[in-house]
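S.K.: I would like to see how this sequence folds:
(one chain, ligands or ions: 1)
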Amino acid sequence: MKQFECATLVPGCEWHTRANEEAEVIRRAVEHMRLVHGETVIRENMVQNIRARVREAKKEDAA
Ligand SMILES: [Zn+2]
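M.R.: Next up, the predicted model:
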């Protein structure tokens, strides 16, 4: 299980997501950036920033 917390990239944003596959977490995060943060052009740089912040989800922080 992988997870991404938007606050690691956009301070103050409480959105987070988790999925079994890193690729799925990144896909959802990119979609969130586009919809919520108005990033209409997804730069490769942003994908790298997201990927660098995806981490292993621990069972105890079950949402
Ligand atoms: Zn966000």
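S.K.: Which elements pack onto the strand or helix carrying Arg27?
M.R.: For Arg27, the element it lies in under DSSP states H and E is helix 22-36. Packing contacts for helix 22-36, counted by 3 or more Cβ pairs under 8 Å, 6 or more residues apart in numbering; DSSP states H and E, involve strand 2-5, strand 16-19, helix 44-53. Any C-beta I mention is one placed from the backbone N, CA and C, and that applies to glycine too.
S.K.: in that helix, what's buried?
M.R.: Buried residues in helix 22-36, defined by neighbour count with 16 or more other Cβ atoms under 10 Å: Glu22, Val25, Ile26, Arg28, Ala29, His32, Met33.
S.K.: which one of these is nearest Glu44?
M.R.: Set against Glu44, the nearest of those by Cβ to Cβ is Ile26 (11.9 Å).
S.K.: Return the distance of the closest residue in space to that closest one that isn't next to it in sequence relative to Ala7.
M.R.: In this structure, Ile26 finds its nearest non-sequential neighbour in Ile50, 5.3 Å apart by Cβ to Cβ, 6 or more residues apart in numbering. Remark: distance between Ile50 and Ala7 (Cβ to Cβ, to the nearest Å) = 13 Å.
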